[in-house]
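>>> give me coordinates for this.
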Amino acid sequence: MLGRLFRPIASAFAALFLCLSASPALAADISFEKAPLTVTTADGRAHAFTVELALESEQRAQGLMNRREMAGDAGMLFDFGETRRVLMWMKNTYLPLDMLFIASDGRIETIRENAVPLSESIIDSGVPVAFVLELNAGSAERLGIAPGDHVESRQIAASPQAARP
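This next block holds a predicted model:
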């Protein structure tokens with residue numbers, strides 16, 4: 001009987017902990033390794049970026065939230081460690097973004113352009129993917145990046161789920 005009374009309280013404390021751990025003050029403690037990444041379009045043009053790597057769940061949860069600017073040749077690569085349908089959102093993200101949803105072999109499957117800052121609307125990969133690359137909004141159109149183009153990086157090449165011939 002006593003256990004049933006404490007379960008809701010324990011759940012409330014767990015929820016409070018999750019909310020506090022996502023606060024901007026605590027988020028400053030999360031750091032991201034940087035790595036080079038190249039997007040090669042169907043016509044052979046290569047576009048180089050330096051991306052931050054979101055590899056751990058805390059890093060993926062933080063993403064680019066609370067940032068006010070990002071260099072034009074920068075971005076963030078989310079590695080989900082498996083291939084699955086991915087749902088993203090822009091809560092607490094001030095930068096408009098293009099999201100490139102990438103298969104385990106580096107092929108761009110879907111692009112969601114111009115994600116609206118601070119929106120809680122779900123942005124769906126539509127198909128199973130292993131990675132998401134976030135770039136400044138307008139990058140995909142400006143550089144001619146489209147589904148079917150290829151993303152190369154050390155992280156994607158090292159992916160254990162990568163399907164290579």
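>>> can you tell me how far the residue nearest in space to the middle of the chain is from residue 144?
Note on the chain: the residue nearest the mean C-alpha position is residue 78, at 3.9 Å, using CA atoms, centre = their mean. As judged by CB to CB, to the nearest Å, residue 78 and residue 144 stand 23 Å apart. All C-beta spots, glycine's among them, are computed from the backbone N, C-alpha and C.
>>> then residue 53?
In this view, residue 53 and residue 144 are 25 Å apart by CB to CB.
>>> please identify which of these two sits among more neighbours.
residue 53 (18 against 13; other CB atoms under 10 Å).
>>> could you report the distance from the more buried one to residue 134?
Residue 53 is 12 Å from residue 134, where distance means CB to CB.
>>> which neighbours do the two share?
Shared contacts of residue 53 and residue 134 (CB atoms under 8 Å, 6 or more residues apart in numbering): 76-77.
>>> and the pLDDT at residue 155?
pLDDT, residue 155: 96.
>>> for the protein, which spans come out with low pLDDT?
Along the chain, segments meeting pLDDT under 70 span 1-28, 161-165.
>>> okay, now the domains of it?
Taking automatic domain parsing as the domain assignment, the ranges for the chain are 1-30, 31-157.
>>> could you say which of the ones you listed is packed most deeply?
Burial of the domains of the chain is given as mean neighbour count (mean count of other CB atoms under 10 Å); domain 31-157 ranks first at a mean of 17.
>>> quick check: end-to-end length of that one?
22 Å (CA to CA, to the nearest Å).
>>> ok, back up a step: how far does the strand or helix carrying the residue nearest to the centre of the chain sit from its chain's centre?
For residue 78, the element it lies in under DSSP states H and E is strand 74-88. Chain-centre distance of strand 74-88: 5 Å, with CA atoms, centre = their mean, to the nearest Å.
>>> residues in contact with it?
Outside strand 74-88, the residues touching it (CB under 8 Å, 6+ apart) are 32, 35, 37, 49-55, 60, 63-64, 99, 101, 103-104, 115, 122-136, 139, 153, 155-156, 159, 161.
>>> quick check: residue 70 touching residue 95?
Yes. Contact criterion CB atoms under 8 Å: residue 70 and residue 95 qualify, at 5.8 Å.
>>> which residues do those two both contact?
64, 136.
>>> which stretches of this protein form helices?
Remark: helices assigned in the chain by DSSP state H are 2-21, 24-27, 57-62, 139-143, 154-157.
>>> where's the fourth one relative to the chain centroid, distance-wise?
Put simply, helix 139-143 sits 18 Å off its chain's centre (CA atoms, centre = their mean).
>>> which neighbouring elements make contact with that helix?
strand 97-102, strand 108-115 (3 or more CB pairs under 8 Å, 6 or more residues apart in numbering; DSSP states H and E).
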